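Undergrad: Need coordinates for the following:
(one chain, ligands or ions: 2)
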Amino acid sequence: MRIKTATPEAIQEAATLLNDGGLVAMPTETVYGLAANAFDGKAVARIFEAKGRPSFNPLIVHVFDVSEAQALVEFDDRAMMVADKFWPGPLTMILPRRGDCEISELVSAGLPTLAVRVPRHKVSRDLIQAAGVPLAAPSANSSGGLSPTAPIHVADSLGENVDLILAAGPSEVGLESTVLDLSGERAVILRPGAVTAEELSELLDEEVLVDAGESAKPKSPGMLLKHYAPDTPVRLNAIDVEDGEALLAFGSEKFMSIRSGGAVSELPDNMRMNLSVNGDLHEAAANLFAYLKELDQPGCKAIAVMAIPETGLGVAINDRLKRAAQGSPDIQMKAK
Ligand code: TXA
Ligand code: MG
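TA: Ligands and ions are numbered 1, 2, ... in the order given. Here you go, the predicted model:
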């Protein structure tokens, strides 16, 4: 692992790494973040792997200014007021994804909303500009650990899992950004931070409540968040496909058959998707939410999902699949 003082040359090198699918730890005014190109699903998958996150919590997308945010999410008057007052700065807004938003589905964990933030720290701003793409970045610590406020914390926590650490001294705020959910009728703070409920209430002329749930506890960030759940029932560890079911495959489909007879290759194209033909867990993670959505269609009786190995990123993939399967009616979970 390499630590470099955030000189213009180092920032340029970091930008190149990001465009090549690499991971860079960057200073922001709140805490150090572990950044990847937010358009690149495989790179985003590497973030979860590097952090050893057992599940896919949605990530914050860092952009240079309001207009870049407006290209990704639906901005209303309320969002504009908040942006005018608090951006650049330690505040994240949750807003509906635009229909043409090309940020990886893995970044927002399949949710219809996206978290966006314009950081104030000069190095993160220079890096976003040099990379020329929005940067997905959670705090740069391994899962369950404390958020890093100095380069050495990142090195200790993530070690070889990060390609380059841009060092720029201790973080100014030292606490993660305020997360403000503006996707619903009421403005709600999901995570308290340097921008307070009082300030936001005054600005928006409405009482902004804090509803942090379990996510307020550092050990379980985001665990109580709403999760993407398909309307179509999900059947896990499938070893064959029933009539009317769609197939979400992983690896070779050679031994998968349709229960009433025939090979799965006979399924119509829109009823069969493969998370990764080669069994690559990064690719599977990157495709997971997009493919689940694709198969979540009225014509499908259920989505039969092949087993995913419970190793590395597979743990997080299986966590989300289990959540997606919860509440699926009358589905017999066929364990192998
Ligand atoms: O200060 C910060 O926000 C730092 C720096 C690096 O920018 N980043 C950070 O990211 O703390 P992370 O991933 O550790 O926390 C992101 C928080 C989580 O609590 C997550 O659940 C929430 O934002 N979040 C992200 N997208 C969301 C969404 N679409 N809906 C609801 N909550 C979301
Ligand atoms: Mg964190």
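
Undergrad: interface residues of this structure facing ligand 1?
TA: Contact residues, the chain versus ligand 1 (Cβ under 6 Å from any ligand atom): 28, 30-31, 33, 57-60, 92, 94, 108, 111, 113-115, 117, 137-139, 176-177, 179, 190-191, 215, 221-222, 225. Where you see a C-beta, it was placed from the backbone N, CA and C, and this is true even at glycine.

Undergrad: Which of these fall within strands?
TA: 33, 60, 92, 94, 113-115, 117, 179, 190-191 (DSSP state E).

Undergrad: where along the stretch 51-200 of the chain do the strands fall?
TA: 60-62, 91-96, 113-117, 135-136, 164-167, 178-181, 188-191 (DSSP state E, counting those that start in this stretch).

Undergrad: and the third one, which strands flank it?
TA: Based on DSSP bridges, the strands next to strand 113-117 in the sheet, each with its direction, are strand 60-62 (parallel), strand 91-96 (antiparallel).

Undergrad: between the strands of the stretch 51-200 of the chain, which one is nearest to Arg323?
TA: strand 113-117 (17.0 Å; Cβ to Cβ).

Undergrad: In that closest one, which residues are buried?
TA: The neighbour-count check on strand 113-117 (16 or more other Cβ atoms under 10 Å) flags 113-117 as buried.

Undergrad: same check, this time on stretch 185-197
TA: 187-191, 193-195, 197.

Undergrad: next one: stretch 162-174
TA: In terms of neighbour count (16+ other Cβ under 10 Å), stretch 162-174 has its buried residues at 162-168, 171, 173.

Undergrad: can you tell me which of those lies nearest to Pro88?
TA: Using Cβ to Cβ, these come closest to Pro88 at Val173, 12.3 Å.

Undergrad: who touches the closest residue to Leu313 other than its chain neighbours in this structure?
TA: Residue nearest to Leu313 in three dimensions, not counting chain neighbours: Leu281, with 4.1 Å by Cβ to Cβ, 6 or more residues apart in numbering. Leu281 makes contact with 45, 49, 308-309, 311-314, 317 under the criterion Cβ atoms under 8 Å, 6 or more residues apart in numbering.
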